[in-house]
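Enquirer: below is the sequence, then the predicted model.
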Amino acid sequence: ETAVFQTPNYHVTQVGNEVSFNCKQTLGHDTMYWYKQDSKKLLKIMFSYNNKQLIVNETVPRRFSPQSSDKAHLNLRIKSVEPEDSAVYLCASSWGLAGAETLYFGSGTRLTVL
Amino acid sequence: QQKVQQSPESLIVPEGGMASLNCTSSDRNVDYFWWYRQHSGKSPKMLMSIFSNGEKEEGRFTVHLNKASLHTSLHIRDSQPSDSALYLCAASIDSNYQLIWGSGTKLIIKP
């Protein structure tokens, strides 16, 4: 049963373009996340957003930015995509902090940068 | 240097057999270990978690934890083709927002 919804499922774009991905959760969770999963399936946290507090992974390039209107929505914008941004972007949510709570993932957005 | 190491990288087990997957952390501040399963083309789903020494069993799945060695293992008995997936181990450090993920074990169950 899906409760974390991501759009689009796929996106193909060219280097330098701007893209935005949407994420909505209907679980009433307090915290949302964006993860990047690379071709080797390694998951890397990009952002977490809890009670309007944004925690940023310091290794994330500045062209990435999260956008939230309320605790049920966390979108991801990439200002000027580069080839290394090609990956699957996974949105997730949890009660409280990820360390002690189960993460619920969306189905992912696969980005291909040409 | 990755803080969570998983082994083996891939594993082939005959249907009905036992699959054993390993995960070790190099950070002594780990307090929770998580196991997630990701079927091909799907998103990860939480399978089991453990934070106390010992073992925990849920159906065909058993997870062990040795806190002294920071090692956890996942065992799947009577493996089914539907168990074929990528198994991801994650460790939480001081229960904060961040999970540290291993690179996964690809499990293939051969009919």
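Expert: Nice, I can see it. Residues are numbered from 1 along each chain as shown, chains lettered A, B, ... in the order given.
Enquirer: list the contacts of residue 109.
Expert: If you meant another chain, say so; for now it's chain A. Residues in contact with residue A:109 (CB atoms under 8 Å, 6 or more residues apart in numbering or on different chains) are A:6-11, A:21, A:88-89. C-beta: built from backbone N, CA, C; applies to glycine.
Enquirer: ah, I was thinking of chain B
Expert: With CB under 8 Å, 6+ apart as the criterion, the residues that contact residue B:109 are B:12-15, B:17, B:19, B:79-84.
Enquirer: hmm, back to that, mind checking which of the contacts of residue A:109 are buried?
Expert: Applying a neighbour-count criterion of 16 or more other CB atoms under 10 Å in any protein chain shown, the buried members of the contacts of residue A:109 are A:6, A:11, A:21, A:88-89.
Enquirer: circling back to that earlier point, out of the contacts of residue A:109, list just those in strands.
Expert: Among the contacts of residue A:109, DSSP state E puts A:6-7, A:10-11, A:21, A:88-89 in strands.
Enquirer: what's the farthest-apart pair in these?
Expert: Spanning the widest gap among the ones in strands among the contacts of residue A:109 are A:7 and A:88, at 14.0 Å by CB to CB.
Enquirer: and the lowest-mean-pLDDT helix or strand in chain B, what's buried?
Expert: Within chain B, judged by mean pLDDT, DSSP states H and E, the helix or strand with the poorest mean is strand B:99-101; its value is a mean of 89. Residues of strand B:99-101 classed as buried by neighbour count (16+ other CB under 10 Å): B:99-101.
Enquirer: for chain B, which residues are neighbours of chain A?
Expert: Contacts of chain B with chain A, taken as CB under 8 Å from any CB of the partner chain, map to B:31-32, B:34, B:36, B:38, B:42-46, B:49, B:86, B:88, B:90, B:92-99, B:101, B:103-104.
Enquirer: hmm, try it at 7 Å
Expert: For chain B, the residues in contact with chain A under the definition CB under 7 Å from any CB of the partner chain are B:32, B:43-44, B:46, B:86, B:88, B:92-93, B:95-99, B:101, B:103-104.
Enquirer: sorry, back to before: for the contacts of residue B:109, which one is nearest residue B:71?
Expert: residue B:19 (16.9 Å).
Enquirer: okay, now the unreliable bits of chain B?
Expert: Low-confidence segments of chain B, defined by pLDDT under 70, are located at B:1-2, B:95-97.
Enquirer: so which bits of chain A are right by chain B?
Expert: By the rule CB under 7 Å from any CB, the part of chain A lying against chain B is A:40-43, A:45, A:48, A:55, A:90, A:97-100, A:102-103, A:105-108.
Enquirer: report the closest residue of chain B relative to chain A.
Expert: Across chain B, the shortest distance to chain A (CB to the nearest CB) belongs to residue B:92, at 3.2 Å.
Enquirer: what about that residue, distance to residue B:79?
Expert: As judged by CB to CB, to the nearest Å, residue B:92 and residue B:79 stand 28 Å apart.
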